[in-house]
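1. with the input below, show me the fold.
(chains A and B)
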Amino acid sequence: MEPSIRASELRKTYPPDVTAVDGVSLSVAPGTIFGVLGPNGAGKSTTVRMLCTLTRPDSGRAWITGIDVLEDPASVRRAIGVVGQKHGFDPEATGRENLVLQGEFYGIAGHELKQRAAGSLERFGLADAADRPAKTYSGGMQRRLDVAMGLLHDPQVLFLDEPTTGLDPEARVDMWHEIERLAADERMTVLITTHYMDEADRLASRLAIIDRGQIVVEGTPEQLKSELEGDAIQIELEGVENGSARGALDRVPGLSDIELDGRTLRARALDGGAAIPAVLSALESHGTRATSVTLARPSLDDVYLRHAGRVFRTVDAQAAEASA
Amino acid sequence: MTAARQSWQVYIRGLRVLRRQPAYLGMTLVQPIIWLLLFGALFKAVTRIPGFHGSYIDFLTPGVVIMLAVFSAGWTGMGFVEDINGGVMDRMLTTPVWRGALNTGTVAYGSFMVAVQTVVIVILALVLGADFKGGVGGVVLMIVIAAMLGAVFASLSNAVAVLARQRETVIGAVTFVQLPLTFLSAALMQGSLLPSWIRSVAKFNPVDWAVVAARSAAMQKINWGVVASRIGLLAALLLVAAALTARAFAGYQRSL
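-> Numbers count the residues shown, from 1 in each chain, chains lettered A, B, ... in the order given. Sure thing, here's the model as predicted:
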């Protein structure tokens, strides 16, 4: 079966010399949810923007339901719905007016458009607020309006660029239910970008981790997690280490992937519980005290750490600092 | 057909803001009144300059009409800046909407505002005793001329907006051109009393074309030669402005 989304070696560099996307290839099967996971600035949004005809790639090609994005952008636009990272609605207009304007842009009009807008408002729980300006909506309602606008013309493929960023936990879960329903009941293909591990884990049937403009690993969440054998051990040390504590752990049997990051030491072990006493005694004989020890089953955080070689939260914090 | 529908929808979107924000609507309507009264008081003395002829309010009305067209239509691009920074522009560009509708609709809205303000000025001028010798036809022509000049500035304002994408730059560009273009024309001073170099420059100034045409249409027995030639120039300029905006917009899309 033809993939709903296919990209081949997409590249985009912004002047003066920022490589946002550096050779991304991917393929998404119809009716599935594909997650693109990565820290801020990894190239997620630029990839989505190239796939949904907003940004022209410097090189590479892409097809949506078999239609070439560069050769026939107009047909691609009819086939896709896009919910961007920023709000896409007019804050001064009501929910209904926003939906009607959106429909007109797709050439839907008259009675058909009225019905669709009303149905959409009903479905996304906005019927009571339909005739209030969108700027008066709560964060969750605004995001639902964004999604409602993206779906108004019944697209085959839906792009969601960080759809739950900034939502409260309850609104996030609501959004997840809606996304799952779209793929399950309406056989829609969904590409979702996120920097939340739990979101990708829960929603995506396949996912790609992207870092510095490149896909570093791709697979089902289960595949990615099972590639990591054993448990993750995280130890907080009493003082900042110069790296010699790492050397002490090298001699502990069954321990792998040892990483030292400031005061935090991370390692993997087939049986984490059994390894901890040996780890602690090795540290002690080296003269380093541990202040806390955490043991965790493999998570997507670990997958990310393994493949991108950096800790997700640190990268995000750096990106947030850089943009602040 | 679709193009016209979509432009109309974009135009309607502009009108909605007007309806929802009574303060904005109020200012839009009061501004022409203040201008006519203020400039009327300020420049009253020009009637005493030797060589000035005619009634003062008759002279000033078309000048204020055209000046206001430049000043209010020049801000049209601010809407694009908001749309770009708010994410609305991205969303619109992922739809198959005819790209020209975004410019056409907002320019139509800018022109409409100019027309409304012109009507307010005409009513006030009548109250103040202006004599529109061109009759209803002349006044209608003046509204058309003001709306055309407004369309030119609205379109150029959109072009600056998509190139700059920042409020500050649009404000800078608009204020940079507004006053010089107004004073390099016969808007507030009779053409024959202007310094000769300004008179030479004014020949190439669209604001002057519009002022001369508006006076020749509304305030005297319509001088068809003057009016038609200036309307022709404004129409040609409008096409050039639309083409420039289309290019700026294409450049904006390439830069995304």
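2. all helices of the chain, in order?
-> Assuming you mean chain A. A:44-51, A:73-79, A:95-105, A:110-123, A:139-151, A:169-186, A:197-203, A:221-227, A:244-250, A:272-286, A:300-308, A:312-323 (DSSP state H).
3. nope, chain B
-> Counting by DSSP H, chain B has helices at residues B:2-20, B:22-42, B:56-73, B:77-86, B:88-93, B:99-127, B:135-164, B:167-183, B:196-202, B:206-218, B:224-255.
4. could you tell me the least trusted of the ones you listed?
-> Mean pLDDT per stretch puts helix B:22-42 lowest among the helices of chain B, at a mean of 87.
5. which other residues reach that one?
-> Contacting residues not belonging to helix B:22-42 are listed as B:17-19, B:56-57, B:60-61, B:63-64, B:67-68, B:72, B:113, B:116-118, B:120-121, B:124-125, B:128, B:188 [Cβ atoms under 8 Å, 6 or more residues apart in numbering or on different chains]. (C-beta placed from N, C-alpha, C; glycine too.)
6. and residue A:86, which of the helices of chain A is closest to it?
-> Of all the helices of chain A, helix A:139-151 sits nearest to residue A:86, with 9.1 Å by Cβ to Cβ.
7. go through the closest one and flag the buried ones.
-> Buried residues in helix A:139-151, counting neighbours by 16 or more other Cβ atoms under 10 Å in any protein chain shown, are found at A:140-151.
8. does it reach chain B?
-> Yes: using Cβ under 8 Å from any Cβ of the partner chain, helix A:139-151 reaches chain B at residue A:149.
9. next up, the contacts around the residue sitting furthest away from the middle of chain A.
-> Going by Cα atoms, centre = their mean, the residue of chain A most distant from its centre is residue A:285, 42.7 Å out. Contacts for residue A:285 (Cβ under 8 Å, 6+ apart) come out as residue A:248.
10. what residues does the stretch 1-150 of chain A have near chain B?
-> Proximity of the stretch 1-150 of chain A to chain B (Cβ under 8 Å from any Cβ) is limited to residues A:49, A:52-56, A:74, A:77-78, A:80, A:82, A:84-93, A:97, A:100-102, A:104-107, A:109, A:133, A:149.
11. at 6 Å instead, please
-> By the rule Cβ under 6 Å from any Cβ of the partner chain, the part of the stretch 1-150 of chain A lying against chain B is A:52, A:54-55, A:74, A:77-78, A:82, A:84, A:86-88, A:90, A:92-93, A:101, A:104-105, A:107.
12. weed out the non-buried ones from the residues you listed.
-> Buried members of the residues of the stretch 1-150 of chain A next to chain B, scored by 16+ other Cβ under 10 Å, are A:52, A:54-55, A:77-78, A:82, A:84, A:87-88, A:90, A:92-93, A:101, A:104-105, A:107.
13. how about the contacts made by residue A:107?
-> Neighbouring residues of residue A:107 by Cβ atoms under 6 Å, 6 or more residues apart in numbering or on different chains: residue B:2.
14. and it, its phi and psi?
-> Dihedral angles of residue A:107 (phi, psi; degrees, to the nearest 10) stand at phi 80, psi 10.
15. what score does the most centrally placed residue in chain A have for pLDDT?
-> Taking Cα atoms, centre = their mean, the centroid of chain A lies closest to residue A:194, which sits 2.0 Å from it. The model reports residue A:194 with a pLDDT of 91.
16. wait, isn't it in contact with residue A:200?
-> Yes: the criterion here is Cβ atoms under 6 Å, and residue A:194 meets it with residue A:200 at 5.4 Å.
17. next, the contact list for the residue lying closest to residue B:154 once chain neighbours are set aside, please.
-> Computed as Cβ to Cβ, 6 or more residues apart in numbering or on different chains, the closest residue to residue B:154 that is not its neighbour in sequence is residue B:110, at 3.2 Å. Neighbouring residues of residue B:110 by Cβ under 6 Å, 6+ apart: B:73, B:76, B:150, B:154.
18. re the thing from before, in PyMOL, select just the buried ones from the contacts of helix B:22-42.
-> To isolate the buried members of those in PyMOL, using 16+ other Cβ under 10 Å:
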select buried, chain B and resi 56+57+60+61+63+64+67+68+72+113+116+117+118+120+121+124+125+188
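19. out of the contacts of helix B:22-42, which are close to chain A?
-> residue B:17.
20. ok, now how distant is residue B:129 from residue A:83?
-> Counting by Cβ to Cβ, to the nearest Å, the gap from residue B:129 to residue A:83 is 59 Å.
21. quick check: closest non-adjacent residue to the closest residue to chain A within the stretch 151-256 of chain B.
-> Proximity to chain A, evaluated over the stretch 151-256 of chain B using Cβ to the nearest Cβ, is greatest for residue B:256 at 4.8 Å. Distance criterion Cβ to Cβ, 6+ apart; nearest residue to residue B:256, sequence neighbours excluded, is residue A:55 at 4.8 Å.
22. what does residue A:217 give?
-> Ranked by Cβ to Cβ, 6+ apart and with sequence neighbours excluded, the top spatial neighbour of residue A:217 is residue A:307, at 4.4 Å.
23. go on, residue A:216?
-> Spatial nearest neighbour of residue A:216, chain neighbours left out: residue A:307 (4.3 Å); criterion: Cβ to Cβ, 6+ apart.
24. please name the residues that touch that neighbour.
-> By Cβ under 6 Å, 6+ apart, the contact set of residue A:307 is A:209, A:216-217.
25. neighbour-wise, which of these leads?
-> Counting neighbours by other Cβ atoms under 10 Å in any protein chain shown, residue A:209 leads those with 26 neighbours.
26. tell me what it is bridged to.
-> Beta-bridge partners recorded for residue A:209 (DSSP bridges): residue A:37, residue A:217.
27. the residue nearest to the centre of chain A and residue A:159: what is the separation?
-> Residue A:194 sits 12 Å away from residue A:159, going by Cβ to Cβ.
28. kindly report the same for residue A:114.
-> Residue A:114 is 26 Å from residue A:159, where distance means Cβ to Cβ.
29. look at the two and report which has more neighbours.
-> More neighbours surround residue A:159 than the other of residue A:114 and residue A:159, with 27 against 15 (other Cβ under 10 Å).
30. what pLDDT is listed against the nearest residue to residue A:1 once chain neighbours are set aside?
-> Among residues not flanking residue A:1 along the chain, residue A:30 sits closest, at 6.3 Å (Cβ to Cβ, 6+ apart). Note on residue A:30: pLDDT of 94.
31. ok, residue A:30 - how many residues close by?
-> Residue A:30: 16 surrounding residues under other Cβ under 10 Å.
32. can you check residue B:240 too?
-> 13.
33. kindly report the same for residue B:172.
-> 13.
34. for it, give its distance to residue B:80.
-> Distance of residue B:172 to residue B:80, computed by Cβ to Cβ: 16 Å.
35. do the same with residue B:69
-> Counting by Cβ to Cβ, the gap from residue B:69 to residue B:80 is 19 Å.
36. then residue A:199?
-> Taking Cβ to Cβ, one finds residue A:199 at 33 Å from residue B:80.
37. of the two, who's got more company?
-> It is residue B:80, of residue A:199 and residue B:80, that has more neighbours when counted by other Cβ under 10 Å, with 26 against 23.
38. doesn't residue B:163 make contact with the more buried one?
-> No: the criterion here is Cβ under 6 Å, and residue B:80 misses it with residue B:163 at 10.1 Å.
39. for the closest residue to residue B:8 other than its chain neighbours, give me its contacts.
-> Distances taken as Cβ to Cβ, 6+ apart put residue B:105 closest to residue B:8, at 7.0 Å, once the chain neighbours are dropped. Counting by Cβ under 6 Å, 6+ apart, residue B:105 makes contact with B:7, B:10-11.
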